[in-house]
Every structure is written in structure tokens, then in C-alpha cells.
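1. below is the structure, and that's it, no one-letter string:
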């Protein structure tokens, strides 16, 4: 009876070991899928762009690298007054698109850089800035790429009025995402926040 009981115990332990091994193998095989799902949920359309550019495995490493970098950036939420003031500045800029789309687009781009800088993003290298932005704003970061390319064309005198007018919608999505200020919370122009010279940034070329 003792031998029989020992055999049952050994068999039971063996079954537990096999079950654990099967579970471990399943988790290992399912790991890449779960990794991809997590990144897709976080980065949105940016995940597919990265996969197309780098391939699936390298894209995962690239996006996780962005997450690590952004976790060390001095990102901050804007105080309500500053956030509302920047939103007011955007409202004034977009009103000028109809009459002077080139000038309005230039002002909007400068305001975008200022907003990114105020949030804690480095705008000296715009490609890096876009990569950083994709971590928390994967759904709208493609608009940042578009307006950056258009700003370069605008400075060179190569942007047409239709392109400049269409960029207003891109800027709208970017400012709504970065600021999130409802229109009824935007103060009048006379109460706008006026940032000091130390906050001004130059547009990257």
C-alpha cells in the first residue's frame, strides 16, 4: 500500500509538472501576440506605421524604446490658465486661415512648437519629437508629421492655398489632443496668458 501511495504521489507531481510546462510553453508562444496587442492598443495607427517601416519584431522593440525614453522626459500637464490661453491663441490663428492661409499656417506651426515645448517635449529634433509624441498620442501624431512637412514647403514657397487650408483640420486635432480645452472655458483675448521670452522656441528646419 505504501508503494502504491508513493506511486500515486509521484504520478500526481509528474502531472502537475507537465501541466505547468504546457502552460509555460503556451505563455511563451502567446507572448509575441500579447505584446503586439498591447502596443497596438497604446499606439493605435502608429503601430501599423512602425510595422510597415521596421517589420513586426523590430517595430515592437522600437515602440518599447519610445516608451522608455518618454518615461524619462519631464512631461507635464499645463495649468488651466496656460492651457486655456494656448487654446485661445489657436482660435485666433485659425480665424486667419481664410484670408492669409500661408501666414496663418506659419503661426499655427509656431504655436504647436510652443505647446509641445510647454508640455515638456523637446522640439529641436522634430523627428524625435514625433516619435516621443506617438507614445501618448498615437492617434493624431500623423498630423504632426503632415504639418511639419507642410511648414517646410510653406517656408520654401511651395505650399498651395488648398493644402494650407486643409492643414487647419490637422492643427485642430493636434491642439484638441494636446490641450483638451472646451471652447466655453477659453478666456477672452484680453485675459490671455503671455509667455515670457524664455519659453519661446525656434522652428526646427
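-> Yep, that arrived. This structure is a prediction, so every number in the text was calculated from the model and none was measured. Residues are numbered from 1 along each chain as shown.
2. packing partners for the helix or strand harbouring residue 107?
-> Applying DSSP states H and E as the criterion places residue 107 in helix 101-119. Applying 3 or more Cβ pairs under 8 Å, 6 or more residues apart in numbering; DSSP states H and E, one finds that helix 101-119 contacts helix 80-94, helix 141-155, helix 161-179. (Glycine included, C-beta is placed from N, CA and C.)
3. those helices into CSV, with extra columns for mean neighbour count, distance to residue 56 and mean pLDDT?
-> Formatted as CSV, the helices and strands packed on helix 101-119 follow (neighbours: other Cβ atoms under 10 Å; distance: least, Cβ to Cβ, whole Å; pLDDT from 0 to 100):
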stretch, mean neighbour count, distance to residue 56, mean pLDDT
helix 80-94, 19, 37, 92
helix 141-155, 18, 20, 96
helix 161-179, 18, 27, 94
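4. sorry, back to before: now do the next helix or strand along the chain from the helix holding residue 107: distance to the chain's middle.
-> Per DSSP H and E, helix 101-119 leads on to helix 126-136 as the next helix or strand towards the C-terminus. Offset of helix 126-136 from its chain centre (Cα atoms, centre = their mean, to the nearest Å): 6 Å.
5. got the contact list for helix 126-136?
-> 42-43, 46, 63, 66-67, 69-70, 73, 116, 121-123, 141, 144-145, 148, 204 (Cβ atoms under 8 Å, 6 or more residues apart in numbering).
6. on that earlier part again, which of the helices and strands packed on helix 101-119 sits closest to residue 106?
-> Across the helices and strands packed on helix 101-119, the minimum distance to residue 106, taken as Cβ to Cβ, is reached by helix 141-155, at 6.2 Å.
7. off-centre distance for that closest one?
-> Relative to where its chain is centred, helix 141-155 has its mean C-alpha point 16 Å off (Cα atoms, centre = their mean).
8. give me the angle between that helix and helix 101-119.
-> Counting by axes from the mean of the first three to the mean of the last three Cα atoms, to 10 degrees, helix 141-155 lies at 130 degrees to helix 101-119.
9. what about residue 158, how many residues close to it?
-> If you count neighbours by other Cβ atoms under 10 Å, residue 158 ends up with 10.
10. after the strand or helix carrying residue 42, next one along is what?
-> Applying DSSP H and E as the criterion places residue 42 in helix 2-43. Beyond helix 2-43 on the C-terminal side, the first helix or strand identified by DSSP H and E is helix 45-54.
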